[in-house]
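Q: Quick one, what's the 3D model for this:
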Amino acid sequence: MNSKIKKNLLDLEYNKYLQIYTTNIVIFITLFVGLIIALISNQIDFTNFVDIIIFLSISCFLLSFNVAFMIRARNKLDQIPKEIMKLEI
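A: From the prediction side, this is the model:
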């Protein structure tokens, strides 16, 4: 494959993972702002144990996927420039 074509494909892949990474940051911030608003406005009933368990399980589930996607995207973002530097253009 031509080096310029491979570089362009790597640039597109870099942009894709950069978009995934920034989207996950926005989701992460939005989740925390929503949690803070819910806590301030007393939308979460701390006296009901079942509500707390459901709230914590959903939050942990979303955060774990978000962090996993962010780590994967960050690793790809670190690898792609190294691959571009290896190309002989």
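
Q: Low-confidence regions, this structure specifically.
A: Within the chain, the segments meeting pLDDT under 70 span 1, 89.

Q: As a check, name the ranges of all helices in it.
A: Ranges of helices in the chain, per DSSP state H, are 3-40, 49-86.

Q: gap between the first one and the chain center?
A: For helix 3-40, the separation from the chain centroid amounts to 5 Å (computed by C-alpha atoms, centre = their mean, to the nearest Å).

Q: circling back to that earlier point, for the helices of the chain, give me CSV that also has mean neighbour count.
A: Backbone N, C-alpha and C define where each C-beta goes, glycine included. As requested, those are exported to CSV (neighbours: other C-beta atoms under 10 Å):
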stretch, mean neighbour count
helix 3-40, 13
helix 49-86, 13
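
Q: Return the residues in contact with Asp78.
A: By C-beta atoms under 8 Å, 6 or more residues apart in numbering, no residues touch Asp78.

Q: any idea how far Ala68 is from it?
A: With distances taken as C-beta to C-beta, to the nearest Å, Asp78 is found 16 Å from Ala68.

Q: cool, Phe61 as well?
A: Per C-beta to C-beta, Phe61 is found 11 Å from Ala68.

Q: Nearest residue to the middle of this structure?
A: Asn24 (2.9 Å; C-alpha atoms, centre = their mean).

Q: so it touches Ala68, yeah?
A: No. Asn24 lies out of contact with Ala68 (C-beta atoms under 8 Å); the separation is 9.4 Å.
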